[in-house]
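[1] coords please:
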Amino acid sequence: MTMTALDRLRYIAVAALCAAALPAFGDALPSWNDGEAKSRIVEFVDAVTDPRNERFVPAKRRIAVFDNDGTLWSEQPYYFQFRFAMDRLAERAARDPSILDSDVLRAAARGDLEGALADGEHGLLEIVAASHSGMDVDTFQTRARAWLDTAEHPSTGRRYPEMVYQPMLELLRYLRDEGFRTYIVSGGGVDFIRAFAEDVYGIPPYQVIGSIGRASYELVDGEPAIMKDPGIFFVDDKAGKPLAILGHVGLRPIFAAGNSDGDFEMLEWTTAGEGARFGLLVHHTDADREWAYDRGSEVGRLERGLDEGPGRGWLIVDMKRDWARIYPYDP
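    Numbering: from 1, shown residues only. Coordinates of the predicted model:
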């Protein structure tokens with residue numbers, strides 16, 4: 001039986017985790033270099049899971065939330081879902097060129113990234129509407145999984161699910177082993193992330209929070225279906241993230257991880273609560289193994305978090321210094 005990319009990733013990630021752990025038995029974070037970042041995470045988890053510790057938190061309140069793009073997998077030179085939208089648009093246009101009724105859509109269909117981004121957020125929404133709408137959610141997720149199994153990143157040549165961060169996979173597993181419930185809270189589309197989150201991160205669809213497009217309930221050939229319609233219902237970014245977490249989870253998390261200023265309010269709200277709290281920002285500093293970017297980046301800009309995060313007690317993870325490996329396939 002042929003293994004899909006998602007199957008292969010699960011196998012490699014588990015094998016890499018086990019192999020890396022052998023020299024340091026009992027090390028829950030073998031792909032994290034010894035140092036302040038790793039120590040602070042372990043100290044926090046030890047404290048909130050020890051009933052004798054004054055910072056103890058009952059398991060039912062151990063909620064951890066993670067951004068996706070740039071926090072759990074790479075996001076350069078574009079958000080991966082945007083590449084999926086461009087590819088889907090090109091497929092649809094090959095069957096019906098009339099859908100390309102704007103310069104932005106024509107640029108996206110021919111793979112012109114600069115042209116596709118020329119109209120900013122309005123253009124992005126236009127591309128998503130033209131590529132994602134007009135199908136039911138089940139069909140959309142089937143196509144998303146098929147794309148993830150074959151599409152390759154233009155710089156690395158890797159399939160996109162292979163570009164998840166091994167240290168963050170370990171952190172997710174470590175927290176769950178210690179009684180945490182882990183959630184994804186992403187500005188990306190919720191239906192897209194739910195297509196792969198359980199296979200890749202071990203996070204089930206009902207623990208994925210994301211941006212929501214407009215939808216409608218219809219009978220299609222006599223069968224009930226949720227159809228994806230043009231337009232955006234809710235954007236899960238910036239101040240929207242705390243609102244979405246409270247509406248979906250009903251509790252304030254005690255652990256939040258992100259990588260950009262789009263995650264600032266999520267970390268701010270999380271760490272403002274009473275008792276033990278932890279905020280983490282992944283700082284992309286490794287131009288050799290991944291990318292180095294922060295203040296000037298159009299994707300994953302990190303400015304306010306760098307300026308204010310340390311004073312708020314947030315951990316700034318330096319990817320180059322703190323991570324022994326980046327991806328599961330790395331040596």
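[2] mind listing the helices for the stretch 151-300 of the chain?
    For the stretch 151-300 of the chain, the helices defined by DSSP state H, counting those that start in this stretch cover 166-177, 190-194, 197-201, 240-249, 264-271.
[3] give me the number of residues near residue 251?
    By other Cβ atoms under 10 Å, 14 other residues sit near residue 251. C-beta: built from backbone N, CA, C; applies to glycine.
[4] for residue 70, same thing?
    Should you count by other Cβ under 10 Å, residue 70 turns out to have 28 residues around it.
[5] re earlier: quick one: closest of the helices of the stretch 151-300 of the chain to residue 302.
    Using Cβ to Cβ as the measure, helix 264-271 is the one of these that comes nearest residue 302, at 9.3 Å.
[6] wait, doesn't residue 151 sit right on residue 157?
    No. With contact defined as Cβ atoms under 8 Å, residue 151 does not reach residue 157; the gap is 11.1 Å.
[7] what does the average pLDDT come to for stretch 40-47?
    Averaged over stretch 40-47, pLDDT sits at 98.
[8] of all the helices of the stretch 151-300 of the chain, which lies closest to residue 327?
    The nearest among these, by Cβ to Cβ, is helix 166-177 at 6.0 Å.
[9] elements contacting the closest one?
    helix 5-21, helix 36-49, strand 63-66, strand 181-189, strand 255-258 (3 or more Cβ pairs under 8 Å, 6 or more residues apart in numbering; DSSP states H and E).
[10] beta partners for the closest residue in space to residue 137 that isn't next to it in sequence?
    Leaving aside its chain neighbours, residue 137 sits nearest to residue 226 (4.8 Å; criterion: Cβ to Cβ, 6 or more residues apart in numbering). Residue 226 has the following beta-bridge partners by DSSP bridges: residue 217.
[11] wait, isn't residue 226 in contact with residue 214?
    No. If you go by Cβ under 8 Å, residue 226 and residue 214 don't touch, sitting 11.0 Å apart.
[12] quick one, domains of this protein?
    5-75+157-322, 80-150 (automatic domain parsing).
[13] now tabulate those in JSON lines and tack on distance to residue 331.
    Shown next, in JSON lines, are these (distance: least, Cβ to Cβ, whole Å):
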{"stretch": "domain 5-75+157-322", "distance to residue 331": "10"}
{"stretch": "domain 80-150", "distance to residue 331": "24"}
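[14] residue 330 is nearest to which of the ones you listed?
    domain 5-75+157-322 (7.0 Å).
[15] off-centre distance for that closest one?
    What separates the centre of domain 5-75+157-322 from the centre of its chain is 6 Å, taken as Cα atoms, centre = their mean, to the nearest Å.
[16] from residue 119, how far off is the residue sitting nearest the centre point of the chain?
    Closest residue to the average C-alpha location of the chain: residue 68 at 1.2 Å, with Cα atoms, centre = their mean. Distance of residue 68 to residue 119, given as Cβ to Cβ, to the nearest Å: 24 Å.
[17] same deal with residue 171?
    Distance from residue 171 to residue 119, by Cβ to Cβ: 37 Å.
[18] related to what we said a few turns ago, a markdown table for the helices of the stretch 151-300 of the chain, including mean neighbour count, mean pLDDT and distance to residue 87?
    Shown next, in a markdown table, are those (neighbours: other Cβ atoms under 10 Å; pLDDT from 0 to 100; distance: least, Cβ to Cβ, whole Å):
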| stretch | mean neighbour count | mean pLDDT | distance to residue 87 |
| --- | --- | --- | --- |
| helix 166-177 | 20 | 98 | 26 |
| helix 190-194 | 24 | 98 | 13 |
| helix 197-201 | 20 | 98 | 19 |
| helix 240-249 | 18 | 98 | 27 |
| helix 264-271 | 23 | 98 | 30 |
